[in-house]
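# next comes the sequence, and after it the predicted model I'd like to discuss.
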Number of protein chains: 2
Amino acid sequence: MLSKSQIKLITSLKQKKYRQQHGLFVVEGIKTISELLQSNLELHKLYTTETFNIDAKDEAIISESDLKRISFLTTPNKALAVFKTPESKPIDDSGLIVALDAVRDPGNLGTIIRLCDWFGVKDLVCSKETVDCFNPKVIQATMGSITRVNISYLDLASFLKTINLPVYGAFMEGENIYKKEELLKKGILVMGNEANGVSKEVEDLISEKVSIPRFGELQATESLNVATATAILLSEFRR
Amino acid sequence: MLSKSQIKLITSLKQKKYRQQHGLFVVEGIKTISELLQSNLELHKLYTTETFNIDAKDEAIISESDLKRISFLTTPNKALAVFKTPESKPIDDSGLIVALDAVRDPGNLGTIIRLCDWFGVKDLVCSKETVDCFNPKVIQATMGSITRVNISYLDLASFLKTINLPVYGAFMEGENIYKKEELLKKGILVMGNEANGVSKEVEDLISEKVSIPRFGELQATESLNVATATAILLSEFRR
């Protein structure tokens, strides 16, 4: 049985303001929760219709109808866990870093986190205007990758000014990525907002503008989605 | 003013059954509609709150509240157009073809159509279990690319049996795509279902299994999303 205050707390976590205030976020679905339970993340409380065989004080067995009351999904998937938001670790500047300048779509951010994990990018830095990585839609899209990528929110322009690494950025008029002689193992790859690309302030700090050439004839599509462009660029850096 | 029968027809087009029965589909938003009006697609009727300055008989100026009644979006975007479903053209086997084996997510299909357009892939063939490309969520995700890619729904195994081209397929255990000596300009690239990958029947018809290597350490993410994997593989074919 859920208390009113539990329901109030959990449902409040849909909003970034309350996630930050409580230092908590929500994860749903047996598979992702199981994966996160095995990570460094600290569990606050697990609400589930079937036991996970963890410490009884951490787990509350609830009915399906109670799960429906707290779930953010149209079709709840047996369990909902509340985890403590991890602290960002210091940024490791010895490898490739991905930086996002105001990426707004939760699905895009989730896909990019998964790509960082796949391609061994340890650090993802996000401008303050980028969607919150503990947004439930982002968490669903990351498929557990969120535990393996260190994500920092910061003032992107200030960060780029202080760090001594080549800064690559994706631009329509950039140099053909397939023809670049060398893509360094150390550097920052900046990806811009879905509608407006990289902001002017950040653009001025980019040393290497790169682009993915278009092969279609005729009018053709005007741009690639930011997540698919990140996939192609990371593949080029790593191949 | 909308008639009851107009409202009934338009709202029925959310369902594949009625799209097929009427040979019509819905597109929303000024930008995508404008793009599609300049394509070969044949307009059935445009419902809009502001004139597009097209032939008056093709356009109905309606109120915002009427638009709300017919729109599939939570926030309607000024116009909704009903277009006639184009006939698939014969498949051109002189270039690279992408084939989808039961891709179910509309966003993934939309992204893949956009990628085909970007990378100059003229033909996309879909197994009958693949989500309908005239699904409104697919159309929203294609950003107009749907008019430039020839999409055919067919029995994928039968098609692969009849066509005389190398058949590439994405598999976890396939050959490292970055190390393949030659990727042909002519061929078929098969991408599988989000959860189950390529079906057994289709797998038996694949001559070249390829994979995208994972660079992450530790446990790492188990797979890439089908749309991002398509992005990376098409980039490798074209680079």
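Arrived safely, thanks for sending.
# and the longest strand along chain A, what does it pack against?
Looking across chain A with DSSP state E, the single longest strand is strand A:167-176. With contacts defined as 3 or more CB pairs under 8 Å, 6 or more residues apart in numbering or on different chains; DSSP states H and E, strand A:167-176 has these neighbours: strand A:187-191, helix A:200-203, strand A:208-211, helix A:226-238. Bear in mind the C-beta positions are built from the backbone N, C-alpha and C, glycine included.
# hmm, try it at 10 Å
strand A:96-100, strand A:187-191, helix A:200-203, strand A:208-211, helix A:226-238 (3 or more CB pairs under 10 Å, 6 or more residues apart in numbering or on different chains; DSSP states H and E).
# list the buried ones in it?
Neighbour-count burial for strand A:167-176 flags A:167-171, A:174 (criterion: 16 or more other CB atoms under 10 Å in any protein chain shown).
# so which of those residues comes closest to A:L13?
A:A170 (32.8 Å; CB to CB).
# so what's that closest one bridging to?
A:V210 (DSSP bridges).
# report the contact partners of it.
The neighbours of A:A170, taking CB atoms under 10 Å, 6 or more residues apart in numbering or on different chains as the test, are A:177, A:189-192, A:197-198, A:206, A:209-212, A:223-224, A:226, A:229-230, A:232-233.
# now with 7 Å?
A:191-192, A:210-211, A:229, A:233 (CB atoms under 7 Å, 6 or more residues apart in numbering or on different chains).
# now do A:G187
A:96, A:165-166, A:168.
# okay if I get those residues as CSV plus pLDDT?
Compiled in CSV, the contacts of A:G187 are given as follows (pLDDT from 0 to 100):
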residue, pLDDT
A:L96, 95
A:L165, 93
A:P166, 94
A:Y168, 95
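# are any of the residues you listed buried, and if so which?
Buried, going by 16+ other CB under 10 Å: A:96, A:165, A:168, out of the contacts of A:G187.
# adding distance to B:S39, write those residues out as CSV.
Below are these laid out as CSV (distance: CB to CB, whole Å):
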residue, distance to B:S39
A:L96, 40
A:L165, 44
A:Y168, 35
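# and which of those is nearest A:S5?
Within these, distances to A:S5 taken as CB to CB reach their minimum at A:L96, with 44.3 Å.
# beta partners for that closest one?
A:G187.
# from A:E42, how far out is A:Q20?
A:Q20 sits 17 Å away from A:E42, taking CB to CB, to the nearest Å as the criterion.
# so the two - more neighbours on which side?
The residue with more neighbours, out of A:Q20 and A:E42, is A:Q20; 13 against 9, by other CB atoms under 10 Å in any protein chain shown.
# does the more buried one sit in a helix, a strand or a coil?
Using DSSP: H, G, I helix; E, B strand; the rest coil, the secondary structure recorded for A:Q20 is helix.
# how about the residues of chain A by chain B?
Within chain A, the positions adjacent to chain B are A:111, A:114-115, A:117-120, A:143, A:145, A:148, A:178, A:214-218, A:220-221, A:224-225, A:227-228, A:231-232, A:235, A:238-239 by CB under 7 Å from any CB of the partner chain.
# which among those end up buried?
Applying 16+ other CB under 10 Å to the residues of chain A next to chain B, the neighbour count classes A:111, A:114-115, A:117-120, A:143, A:145, A:148, A:214-216, A:221, A:224-225, A:227-228, A:231-232, A:235, A:238-239 as buried.
# and chain A, what are its domains?
Domain assignment for chain A by automatic domain parsing gives A:4-84, A:96-238.
# distance between the ends of the shortest one?
One end of domain A:4-84 sits 21 Å from the other (CA to CA, to the nearest Å).
# pick the most deeply packed of the domains of chain A.
Highest mean neighbour count among the domains of chain A (mean count of other CB atoms under 10 Å in any protein chain shown): domain A:96-238, with a mean of 19.
# and that domain, how far out from the chain middle?
The chain centre lies 11 Å from the centre of domain A:96-238; the measure is CA atoms, centre = their mean, to the nearest Å.
# any chance of the domains of chain A in a markdown table with distance to B:Q6 as columns?
Below are these laid out as a markdown table (distance: least, CB to CB, whole Å):
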| stretch | distance to B:Q6 |
| --- | --- |
| domain A:4-84 | 29 |
| domain A:96-238 | 31 |
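# please name whichever of those domains is nearest to B:A60.
Across these, closest to B:A60 is domain A:96-238 (CB to CB), at 27.6 Å.
# how long is that closest one end to end?
End-to-end for domain A:96-238, by CA to CA: 10 Å.
# cool, and stretch A:82-100?
26 Å.
# and what of stretch A:148-164?
Distance between the boundary residues of stretch A:148-164 (CA to CA) amounts to 24 Å.
# and the helices in chain A?
For chain A, helices defined by DSSP state H occupy the ranges A:4-12, A:16-22, A:30-37, A:64-70, A:106-118, A:136-142, A:156-162, A:200-203, A:226-238.
# contacting residues for A:A141?
A:106-107, A:110-111.
# now with 10 Å?
By CB under 10 Å, 6+ apart, the neighbours of A:A141 are A:105-114, A:135, A:227, B:225.
# which residues of chain A score low on pLDDT?
Chain A contains residues with pLDDT under 70 at A:217-222.
# can you rerun that using 80?
The model of chain A has pLDDT under 80 over residues A:1, A:181-185, A:216-223.
# A:V26 reaches A:L36, doesn't it?
No: using CB atoms under 10 Å, A:V26 is not in contact with A:L36; the gap is 11.1 Å.
# find the residues that touch each one of the two.
Shared contacts of A:V26 and A:L36, defined by CB under 10 Å, 6+ apart, are found at A:81, A:83, A:139.
# now, which of the contacts of A:G187 sits nearest B:K161?
For these, the residue nearest B:K161 by CB to CB is A:L96; the value is 43.3 Å.
# right, and that closest one touches A:V121 too?
Yes: under the criterion of CB under 10 Å, A:L96 makes contact with A:V121 at 5.4 Å.
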